[in-house]
Every structure is written in C-alpha cells, then in structure tokens.
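> Kindly return the folded structure for what I paste below:
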Amino acid sequence: MIVQSAADFGKVAVLMGGRSAERDISLASGEAVLSALIRQGVDASKVDVDLTLCKQLHSSNYDRAFVMLHGRGGEDGEIQGVLQSLAIPYTGSDITGSALSINKTLSKHLWVQQGLPTAVFEQVTKVPDVDGLVSRLGLPLFIKPVNEGSSLGMSKVNSVSELIDAIELAMKFDAEVIAERWIDGEEYTVAVLGQTALPVIKLKTPNEFYDFEAKYQADTTEYLCPCGLNDQDEEYCKKIAIEAFNGLRMKGWG
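Next comes the predicted model:
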C-alpha cells in the first residue's frame, strides 16, 4: 500500500494496556502514539486490550491496528495471531518474529548459531546448582526472566550468596529464567526501522544497570546522540543490530 495522505490509513486502532506486567508502560506508550497519529490527521482511537478485543475491533470496523502492547499478549505473537485471524493489518513483527524475539533464550541460541556476538548464558532451573553456575559463567552475573521486558525482575549478582534471591525474584515474573555473564562497558541502543539502523544512542545512568527505574522513572538517565563512537564502531553496531533483527525474522521495527 502506498500512503499519500493520513486518510489513506483509514480507521486505526491503537492497541495498548493489556494484561502483562508492563501494562502501565504500554498505556503511556500507547497514549503518546495516539496523540502523534491524531496530530498528523490520522483517524486513530484508543483500544485498551481485554477479552472483548475481537468484539471491539469487529464492531468498530477498524482498517488497521497500531500495536503498542508491551510484554506477554502483545509482543509474543498472541495479539498478532488474533489480528491475522481477523484480517486486520498491523504494525511490527508477525507471529514468528514476535514469538522468537520475546524469548531471550531462543533469541540467544539463534544468534549463537548465526555467529552473532552475545553474552555467554545458561537457562536456570528452579533448584539451580549455584556453585556450578558460577564456575561456568563467573561473577558478576545477570539474572533475567526469559519472557519479560522493561528490565522487570532483573538483577545483577555479585556473589554466590545473592544468586538464589535473584533467581526467586526473576521467577516471580516468569517460570523461565536466564543467567548471563556480566559484561562491563558502555551501553548503546540501536533502533531498526524497516531495514535501516537509526543512529546509535548511548545510555548513561548512575544506577548499576539500565533498570526499570532508569528507563521510566529517573530524571538522571541520559540519552546521547551523537553517541560518541567513531564512524567505524558506530557502523559496526548498526550492522550487528540489523543482523540480530533479521536473525529473529522481525519486521517493521525493533
């Protein structure tokens, strides 16, 4: 479809909210997108996703959906399957790309197979061999829920004594948990739009890592663009971002 005016989008449902642990963030993101679309003249409406979604979409005759759901139900292929079954075009990755990319373990296994650099990792069981885990991965470690975003349930572990508590915290958010070897260094993020990597952004926070507070609540987090890297290093980051994006069969943006 070639869009020549805002009217060409038809009636757009901005899907937000949902039932995941990231509901509040989704509502904030969705409202920002809704306001931007309306400013551009798009006929857009808010849809807070619940069990009546199919009825809402069908009865209101939406032409397409802008997906601003975060986490489970929104980024894992579930809403994508619903929209495909209703034949409603939507933004972002399809079922496959969404299901792969929300799962940190699957994502990292695929990237390893594809030769992409990623921190050494292991999936953690409910009763982990903490000494064995530390001997294989070393310290510090990063403990993360496998299928959550927004840094929810994540912890940096500096000693064996902290490991069980960190795993128990992660398991409050997900039955699957991943342990990663900690990598010291600066943190950068690269957005992908279509097949174009946007300029690299450097993240700076006084927190120990870029956690939920640093992402959404603190006024001390800095986002630096230009990022300060030389041209060669910035192009390398963008190249890896595109390869990681394509390696998970993602579409639209990432």
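
> how distant is stretch 117-137 from the center of its chain?
Here stretch 117-137 shows a centroid-to-chain-centroid distance of 23 Å under the convention CA atoms, centre = their mean, to the nearest Å.

> Stretch 62-80 now?
Distance, centroid of stretch 62-80 to centroid of chain: 12 Å (CA atoms, centre = their mean).

> now it: mean pLDDT?
Mean pLDDT, computed over stretch 62-80, is 92.

> What residues of that stretch count as buried?
62, 64-80 (16 or more other CB atoms under 10 Å). Every residue, glycine included, has its C-beta placed from N, CA and C.

> Among those residues, name the ones in helices.
By the criterion of DSSP state H, membership of the buried residues of stretch 62-80 in helices covers Glu78, Ile79, Gln80.

> doesn't Pro89 make contact with the last one?
The reference is to Gln80. No. Assessed by CB atoms under 8 Å, Gln80 is found out of contact with Pro89, at 11.1 Å.

> got a list of contacts for the worst-scoring helix or strand of the chain on mean pLDDT?
Sorting the helices and strands of the chain by mean pLDDT, DSSP states H and E puts helix 53-59 at the bottom, at a mean of 82. With CB atoms under 8 Å, 6 or more residues apart in numbering as the test, helix 53-59 has contacts from Ala13, Leu15, Val47, Ala65, Ile79, Val82, Leu83, Leu86, Ile88.

> and of those residues, the nearest to Leu141?
Leu141 lies nearest to Ile79 out of the contacts of helix 53-59, by CB to CB, at 32.7 Å.

> and that closest one, what is it in contact with?
Leu15, Gly18, Val49, Leu53, Val67, Leu69, Gly73, Tyr90.

> Please repeat the previous calculation with a cut-off of 7 Å.
Listed by CB atoms under 7 Å, 6 or more residues apart in numbering, the contact set of Ile79 reads Leu15, Val67, Leu69, Gly73.

> give me the element the first one is part of.
Here Leu15 sits within strand 11-16, counting by DSSP states H and E.

> if we can go back for a sec, which of the contacts of helix 53-59 ranks first by neighbour count?
Leu15 (28 neighbours; other CB atoms under 10 Å).

> Go ahead and confirm it touches His70.
No. Between Leu15 and His70 there is no contact under CB atoms under 7 Å: 10.7 Å.

> contacting residues for the residue sitting nearest the centre point of the chain?
With distances taken as CA atoms, centre = their mean, the residue of the chain nearest its centroid is Gly149 (5.5 Å). Residues counted as contacts of Gly149 (CB under 7 Å, 6+ apart) are Glu22, His70, Gly71, Glu75.

> before we move on, back to that, okay if I get the ones in helices among the buried residues of stretch 62-80 as CSV plus distance to Pro206?
Putting these into CSV (distance: CB to CB, whole Å) gives the following:
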residue, distance to Pro206
Glu78, 36
Ile79, 36
Gln80, 37
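
> List just the nearest of those residues to Lys144.
Glu78 (20.8 Å).

> Got phi/psi on the nearest residue to the closest one once chain neighbours are set aside?
With sequence-adjacent residues excluded and distances taken as CB to CB, 6 or more residues apart in numbering, Glu78 is closest to Arg72, at 7.4 Å. Phi and psi for Arg72, reported as degrees, to the nearest 10, are phi -60, psi 140.
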